[in-house]
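1. With the sequence up front, the predicted model follows.
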Amino acid sequence: MLDVPHTLQAFRARTHENLLVHDSGGTWCYVPESCVLAAIHHLERLSNVTPKSRAGNPDTSRKAAAKARRCQGQHHRAILRALRMCGQGGGTVLDIANRTGWHGSEADGPSPCRPLERHEIGKRMSELVRLGLVERTGKERDGFGIYRLTRKES
């Protein structure tokens with residue numbers, strides 16, 4: 001199964017072609033180009049996790065959103081790395097916070113950023129879930145939800 005970014009890439013590559021899909025009755029049917037373009041639009045909106053600020057927010061909020069955009073990728077990498085260190089059972093934001101900024105072995109490579117705070121991790125976790133890289137297990141430990149890597153990331 002494709003994740004959202006790869007699905008978008010596949011759709012964009014075929015917008016000029018006729019797209020065939022199975023309907024609920026098991027027969028093949030063509031999907032109109034307008035439907036494919038609408039699906040691309042909605043998938044792009046769903047997968048857009050770029051930090052933003054509202055138009056009416058003060059200048060400080062816009063500066064904070066710009067700063068968050070610059071370090072978002074580093075935070076994602078640090079969290080994914082920390083979740084790999086947590087193992088198959090996954091980890092809470094506390095477990096992840098304890099492992100971000102850790103320098104580890106040469107095999108792990110250096111940490112991509114400073115240790116992250118719990119609130120920073122919580123904000124990035126919802127983005128990683130929307131991107132399909134992380135999932136909630138439905139379990140809790142110490143009052144915090146447990147997250148784990150999805151198969152495509154581990």
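-> Arrived safely, thanks for sending. Numbering: from 1, shown residues only.
2. if you skip the residues just before and after it, what's nearest to I121?
-> V93 (4.6 Å; CB to CB, 6 or more residues apart in numbering). Placement of C-beta: from N, CA and C, glycine included.
3. contacting residues for the one you found?
-> Residues in contact with V93 (CB atoms under 8 Å, 6 or more residues apart in numbering) are 118, 121-122, 125, 144, 147.
4. which residues touch the longest strand along the chain?
-> If you go by DSSP state E, the chain has its longest strand at strand 134-141. Surrounding strand 134-141, the residues in contact under the criterion CB under 8 Å, 6+ apart are 79-80, 83, 90, 92, 125, 128-129, 145-150, 153.
5. Among those residues, which one lies nearest to L20?
-> Comparing the contacts of strand 134-141 against L20 with CB to CB places T150 closest, at 28.2 Å.
6. Report whether the expected contact of the closest one with R130 is present.
-> No - assessed by CB atoms under 8 Å, T150 is found out of contact with R130, at 11.9 Å.
7. thinking again about what came up before, min pLDDT across the contacts of strand 134-141, which one?
-> Confidence by pLDDT is poorest for E153 among the contacts of strand 134-141, given 54.
8. domains of this structure?
-> Annotated domains of the chain cover 4-47, 63-149 [automatic domain parsing].
9. Which of those comes out lowest on mean pLDDT?
-> Note on the domains of the chain: domain 4-47 shows the lowest mean pLDDT, a mean of 71.
10. Helices along the protein, start to end?
-> Along the chain, the segments classed as helices by DSSP state H run 4-13, 33-47, 59-86, 93-99, 118-130.
11. Between strand 134-141 and the longest one, find me the angle.
-> To tie it back to what came earlier, the one meant is helix 59-86. 80 degrees (axes from the mean of the first three to the mean of the last three CA atoms, to 10 degrees).
12. quick one: buried residues of helix 59-86?
-> The neighbour-count check on helix 59-86 (16 or more other CB atoms under 10 Å) flags 68, 71-72, 74-76, 78-83, 85-86 as buried.
13. Was I right to think D95 contacts A82?
-> Yes - counting by CB under 8 Å, A82 is a contact partner of D95 at 7.5 Å.
14. T100 versus the residue nearest to the spatial centre of the chain, what's the distance?
-> Centroid check for the chain by CA atoms, centre = their mean gives L128 as the closest residue, at 2.4 Å. Distance of L128 to T100, computed by CB to CB, to the nearest Å: 13 Å.
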